[in-house]
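Enquirer: Kindly generate the corresponding structure for this input.
(2 chains)
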Amino acid sequence: MMDVGRHPRIQLFTHSEVENVTGFVGNFHVTVRKKARYVDETACNACNECVAVCPVAVPDAYQQGFSSRKAIYMPFPQAVPSSYLIDMDACLGNNPIACGKCAEVCEKHCIDYDAKDEIVPLEVGAVIVATGAEVYDPTEYDEYGYTRYDNVITSMEFERLICAGGPTAGHFVRPSDEKRPLRVGFIQCVGSRSLSPKGNPYCSNICCMNTVKDTLLLADHYPDVESTVYYMDIRAFGKGFEDLYRRSKETGVRYLRGLPGNVREDPETKSLVVTVEDTNTGRRLEEEQDLIVLACGIVPRQDGGGVKHLLNLSQTADGFYMESHPKLKPVDAPSRGVYFAGCAEFPKDVKDAVTQAGAAASRAGILLGAGKVTIEAITPVIDTEFCTQCGICAKVCPYGAIRPPNVRTDKYPEVIEAACSGCGTCAAECPMDVISMRHFNDTQILGQIDALLEDHPEEKVLTFACNWCSYPGADLAGTNRSQYPAHARMVRTMCSGRVDEDFVLHALMRGAAMVLVSGCHHADCHYMNAVTWTQKRIEKLWNRLDRLGIRSERVQLEWISAAQGTKFAKVMEELDSLRKTVTVEEIEAAKPIIAAEFEKKAERLRKQRARMKSQRDKEEVVVG
Amino acid sequence: MAEKTLTFRCQRCGHEWEGPYDPKVAKERACPACQSNSARPLLHVKAPDKN
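Expert: Numbering: from 1, shown residues only, chains lettered A, B, ... in the order given. Okay, the predicted model is just below:
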């Protein structure tokens, strides 16, 4: 942090917030709100005189509330810049000044009660999101008694209690009576790996090794303390971690496999009675501990939605930011020019966070060093002549790569090619059919459908497969030599979002018995949320087919990942069974109905285009 | 607004079930019987009131 603060080419904004981000890769316009510190950080030499006279004391968040700080304070000892700031919510004197003691004693006249937030505009080429995560709040685990019992604390609180710079100056005491505990119990997986409504289903990655480290710290400083770790599994998979775990056991730390069902307090001694089943022996135990430490998991930041919105990011079901590709682009955000470092992406330890930060910096460096961006070859082209400026294309674009139109200023939607990844959702959703995807345009895809259904279409299952998941899934089924019926015919699109309703109807009109639209699982979508538009579109199509009297089961939807070759084969088996139930009469009956639908649409477009043309001609005459 | 409960029908096996539905959020759904993703929300079919 000190190095960063001193680096001549790094501009560090602390106590600041990113308010707005516009633009795209290589050309981001960022607005930073530099919050007022009320202390001139360039003049302040952290002499501490102001702190000594400040009469206000509030709980110190850095010390987990175990001690207090003043209204004028330094957030933590190694803070950069090394200067104070005033917490105006707690300060007695701002406007009008009611106290002013800090200003009176400050010889360097650093205090400025009238300081204002500063708005700083920045032009940057790349953005690294390193917004971190939060510690799980274990209050909902009522059975452990956190907040009810003084001596049930979290692992973060334990860190402060045992730290030499902590509220007790490193003297390890329990909160109820400030006496040194002799028996300490650690409960693992609090808020992690939970399938109940309490907590989160994922493993938080760091809690096991943090507890192992804590037990070693205790054993090192206080050899007479008996430590017991209640766990379901110890996940010591990193370099040197197994050794650390072994060392912890060798120092006498007791590892008991079983998570406590209940913790209750002895009202007299304030000690805690833990009820637990040792799952290795099947015995139910009741054990007394002087202090319980809850190894709390990691959760995404509660305010993460703001950054998500600013940078057009997507989140996994867990709430952490989703990377562009878990294996091939693990530090890239789906939005180009945005990278991740640390727990914003998923809980990780220091080593992994540093590794990822290095990778993110390198990725950004490569981008900036090149000085130019290679854009996708597959981008949309908007024919503005017949665009109604409805704005649907801009709304559905997962990347915000289409500048929305404005009817009042007669501004048409504009594709930012550097930001576009080429999913084709805009083209599929355009009600006027004025968007054409380069290399995946309507003529090309309809041509493929026609060719695939040339012979015996009634025996075919026409499958639209996305480039990243479903198509490789089908490929894997082939390389695995999975057996499935030979009636599948594949049309590859970059994303299932490209699959226009008209493509499916066209295939049915050409006599395909079944149509399958397949794409990535929602959490794996390579185009952020494009797959959700596919789902909505197919749901609408099912209703439409029902209205037209066509069996909607002839159109199927499936999410198949690149690793699910077996699933692809299974789906093909199932669709083949369904295909056999579709009669030739049924297929033939549907053809004229769909043809009439296409004719109706063509007529609607013709009329609308004619209306637009005549309107434009009138405007030209007026201007002329 | 809380998610409402809706009846879904599997387009593959015909199984019907009830589940949460928010028209603004397209969640990945699978048929509890056959695991197919062709889970169709039946917007015109009201889920029975549990109360």
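Enquirer: And for the residue positioned nearest the centre of chain B, nearest residue in space, chain neighbours not counted?
Expert: The centre of chain B sits closest to B:Phe8, judged by C-alpha atoms, centre = their mean, with a distance of 2.9 Å. Among residues not flanking B:Phe8 along the chain, B:Ala39 sits closest, at 4.9 Å (C-beta to C-beta, 6 or more residues apart in numbering or on different chains). All C-beta spots, glycine's among them, are computed from the backbone N, C-alpha and C.
Enquirer: One more: A:Val25?
Expert: Closest to A:Val25 by C-beta to C-beta, 6+ apart is A:Gly337, at 3.1 Å.
Enquirer: now A:Glu265
Expert: Spatial nearest neighbour of A:Glu265, excluding adjacent residues (C-beta to C-beta, 6+ apart): A:Tyr149 at 4.5 Å.
Enquirer: Over to A:Arg363?
Expert: A:Tyr339 (5.2 Å).
Enquirer: how about the residues of chain B near chain A?
Expert: B:11-12, B:25-28, B:34, B:36-38, B:40-41, B:43 (C-beta under 8 Å from any C-beta of the partner chain).
Enquirer: Out of those residues, grab the one that's most surrounded.
Expert: Neighbour counts for those, by other C-beta atoms under 10 Å in any protein chain shown, peak at B:Ser38, which reaches 27 neighbours.
Enquirer: my guess is that residue meets B:Cys13, correct?
Expert: No - distance between B:Ser38 and B:Cys13: 9.1 Å, which falls outside the contact criterion (C-beta atoms under 8 Å).
Enquirer: Can you pull the residues that touch both of these two?
Expert: B:Cys31 (C-beta atoms under 8 Å, 6 or more residues apart in numbering or on different chains).
Enquirer: Break down the stretch 1-150 of chain A into its helices, ranges please.
Expert: A:2-6, A:49-53, A:101-105 (DSSP state H, counting those that start in this stretch).
Enquirer: At the contact with chain B, which residues of chain A appear?
Expert: A:521-523, A:532-533, A:535-536, A:539, A:542-543, A:552-553, A:555-559, A:571, A:574, A:578.
Enquirer: From the residues you listed, list just the buried residues.
Expert: A:522-523, A:532-533, A:535, A:539, A:542, A:552-553, A:555-559, A:571, A:574, A:578 (16 or more other C-beta atoms under 10 Å in any protein chain shown).
Enquirer: quick one: contacts for A:Asn543?
Expert: A:Ser552, B:Leu43.
Enquirer: hang on, the earlier thing: out of the buried ones among the residues of chain A next to chain B, which are inside helices?
Expert: A:Thr532, A:Trp533, A:Gln535, A:Glu539, A:Trp542, A:Val571, A:Glu574, A:Leu578 (DSSP state H).
Enquirer: mind listing what the fourth one touches?
Expert: In this structure, A:Glu539 makes contact with B:Arg40, B:Pro41, judged by C-beta under 8 Å, 6+ apart.
Enquirer: quick one: the strands in chain B?
Expert: B:4-10, B:16-21, B:39-46 (DSSP state E).
Enquirer: so can I have a markdown table of these showing mean pLDDT?
Expert: Conversion of those to a markdown table gives the following (pLDDT from 0 to 100):
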| stretch | mean pLDDT |
| --- | --- |
| strand B:4-10 | 92 |
| strand B:16-21 | 92 |
| strand B:39-46 | 78 |
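Enquirer: quick one, which of those is packed in tightest?
Expert: Of all these, strand B:4-10 has the most neighbours on average by mean count of other C-beta atoms under 10 Å in any protein chain shown, namely a mean of 18.
Enquirer: now for that one, which elements pack on it?
Expert: strand B:16-21, strand B:39-46 (3 or more C-beta pairs under 8 Å, 6 or more residues apart in numbering or on different chains; DSSP states H and E).
Enquirer: Ok, which of those strands comes nearest A:Asp475?
Expert: Among the helices and strands packed on strand B:4-10, strand B:39-46 comes nearest to A:Asp475, with 25.9 Å by C-beta to C-beta.
Enquirer: what sits up against stretch A:266-284?
Expert: With C-beta under 8 Å, 6+ apart, stretch A:266-284 has contacts from A:145, A:149-152, A:174, A:176-177, A:183, A:185, A:230, A:256-265, A:285-292.
Enquirer: Keep only those of those residues that are in strands.
Expert: Reading strands off the contacts of stretch A:266-284 with DSSP E, I get A:152, A:183, A:185, A:230, A:256-257, A:262-265, A:285-289, A:291-292.
Enquirer: Mind giving me the ChimeraX command for buried ones among these?
Expert: Per 16+ other C-beta under 10 Å, the buried members of these correspond to this ChimeraX selection:
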select /A:152,183,185,230,256,257,263,265,287,289,291,292
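Enquirer: Can you give me the neighbour number for the residue nearest to A:Glu265?
Expert: Neighbours of A:Tyr149 (other C-beta under 10 Å): 19.
Enquirer: picking up where we left off before, was I right about the residue nearest to the centre of chain B contacting B:Leu43?
Expert: No - assessed by C-beta under 8 Å, B:Phe8 is found out of contact with B:Leu43, at 10.3 Å.
Enquirer: Quick check: neighbours shared by these two?
Expert: Joint contacts of B:Phe8 and B:Leu43 (C-beta under 8 Å, 6+ apart) do not exist.
Enquirer: So in terms of bridging, what pairs with the residue nearest to the centre of chain B?
Expert: B:Trp17, B:Pro41 (DSSP bridges).
Enquirer: Return the distance of it relative to A:Glu178.
Expert: Per C-beta to C-beta, to the nearest Å, B:Phe8 is found 58 Å from A:Glu178.
Enquirer: cool, and A:Asp352?
Expert: A:Asp352 is 37 Å from A:Glu178, by C-beta to C-beta.
Enquirer: out of those two, which sits in the more crowded spot?
Expert: Neighbours per residue (other C-beta under 10 Å) separate A:Asp352 from A:Glu178, with A:Asp352 holding more: 17 against 9.
Enquirer: Just the element for the more buried one, please.
Expert: Using DSSP states H and E, A:Asp352 sits in helix A:350-370.
Enquirer: And A:Val381, its phi and psi?
Expert: phi -120, psi 130 (degrees, to the nearest 10).
Enquirer: residue contacts, it?
Expert: Taking C-beta under 8 Å, 6+ apart as the test, what A:Val381 contacts is A:Val415, A:Ile435, A:Ser436, A:Met437, A:Arg438.
Enquirer: Same question for A:Tyr230.
Expert: A:Gly185, A:Phe186, A:Ile187, A:Gln188, A:Leu256, A:Gly258, A:Leu259, A:Pro260, A:Val274, A:Val276.
Enquirer: same question, A:Glu49
Expert: A:Glu49 neighbours (C-beta under 8 Å, 6+ apart): A:Val105, A:Cys106, A:Glu107.
Enquirer: Out of those residues, which end up buried?
Expert: A:Cys106.
Enquirer: Please convert the contacts of A:Glu49 to CSV, extending it with pLDDT and distance to B:Glu18.
Expert: Formatted as CSV, the contacts of A:Glu49 follow (pLDDT from 0 to 100; distance: C-beta to C-beta, whole Å):
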residue, pLDDT, distance to B:Glu18
A:Val105, 94, 68
A:Cys106, 93, 66
A:Glu107, 93, 72
